[in-house]
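*Asks:* coords please:
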Amino acid sequence: MGNLFVFLAQSVPDGRVFALDRQTLISMGIMVLNGIILAVALYFILYKPVTEFLQKRSERIRNSIEEASSTMAKARELINEYESKVSNIDKEYERVLQEARIKAYDERKIIIAEAHEEAERIKKRSESIIDAERERMRLETRPYIIELATLIAENYITRNIEKEEQERLFESALAELEEAQWRK
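*Replies:* Reported below is the predicted structural model:
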């Protein structure tokens with residue numbers, strides 16, 4: 001690099017920093033012309049496709065942004081709907097719970113009423129069974145009671161009454177029993 005500075009310093013005429021001779025000016029003119037030609041060529045070759053590419057890309061980005069905006073709007077709507085449903089869920093929970101309580105209370109009343117009815121039916125059936133059993137027992141025990149009463153009376157009479165009186169009482173009781181049997 002040091003050699004380059006030495007070479008440039010020797011090529012410059014004495015007292016000047018930069019030599020503007022004819023050759024340098026022509027070279028500079030050719031370079032400027034080359035730059036302009038290159039710029040125009042690049043403009044036609046690259047600028048139009050690059051600008052079209054950039055426009056398409058910015059359109060895609062704009063579409064993506066619009067799509068994202070619409071998606072965000074839908075998401076906000078869904079969030080608002082969700083929040084309203086969440087806020088209403090407590091009210092709905094209380095309403096459903098109250099309905100369930102009312103229904104359970106009504107069913108409880110029905111079940112209790114049915115149980116009372118069933119208990120009444122069982123009670124009536126039991127009473128009729130008891131009455132029937134009582135009547136059956138009365139009918140079954142009647143002959144035994146009569147026989148027992150007869151034995152007791154006979155025993156009492158034999159101890160306390162004389163033989164003739166016993167026979168007369170026995171005959172009258174027998175006559176009364178025969179009449180009672182014929183009346184039925």
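*Asks:* CA atoms for contacts and neighbours, from now on please.
*Replies:* OK.
*Asks:* Helices of the chain, start to end?
*Replies:* Taking DSSP state H to define them, one finds helices in the chain at 2-11, 22-42, 48-160, 163-183.
*Asks:* averaging pLDDT over each of the ones you listed, which comes out lowest?
*Replies:* Lowest mean pLDDT of the helices of the chain: helix 2-11, a mean of 57.
*Asks:* chain center to stretch 122-139: distance?
*Replies:* Taking Cα atoms, centre = their mean, to the nearest Å, one finds the center of stretch 122-139 at 54 Å from the center of the full chain.
*Asks:* Actually, stretch 48-65.
*Replies:* The answer for stretch 48-65 is 51 Å, by Cα atoms, centre = their mean.
*Asks:* if we can go back for a sec, okay if I get the helices of the chain as CSV plus mean neighbour count?
*Replies:* Below are these laid out as CSV (neighbours: other Cα atoms under 10 Å):
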stretch, mean neighbour count
helix 2-11, 10
helix 22-42, 12
helix 48-160, 12
helix 163-183, 11
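*Asks:* From the centroid of this protein, which residue is nearest?
*Replies:* Tyr93 (9.8 Å; Cα atoms, centre = their mean).
*Asks:* Any idea how far apart the tips of stretch 38-46 sit?
*Replies:* 11 Å (Cα to Cα, to the nearest Å).
*Asks:* Contacts for it next, please.
*Replies:* Stretch 38-46 is contacted from outside by no residue at all, using Cα atoms under 8 Å, 6 or more residues apart in numbering.
*Asks:* again with stretch 139-149
*Replies:* Stretch 139-149 is contacted by no other residue when judged by Cα under 8 Å, 6+ apart.
*Asks:* Output that stretch in CSV with nothing but the alpha carbons.
*Replies:* Output in CSV follows, covering the C-alpha atoms of stretch 139-149 (Å, rounded to 0.1, in the frame of the first residue of the first chain):
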residue,chain,number,x,y,z
LEU,A,139,-116.3,-67.9,65.5
GLU,A,140,-113.7,-70.5,66.2
THR,A,141,-113.6,-69.9,69.9
ARG,A,142,-117.3,-69.6,70.4
PRO,A,143,-118.0,-73.3,70.7
TYR,A,144,-115.0,-73.7,73.1
ILE,A,145,-116.2,-70.8,75.2
ILE,A,146,-119.7,-72.2,75.3
GLU,A,147,-118.4,-75.6,76.2
LEU,A,148,-116.1,-74.1,78.9
ALA,A,149,-119.0,-72.1,80.3
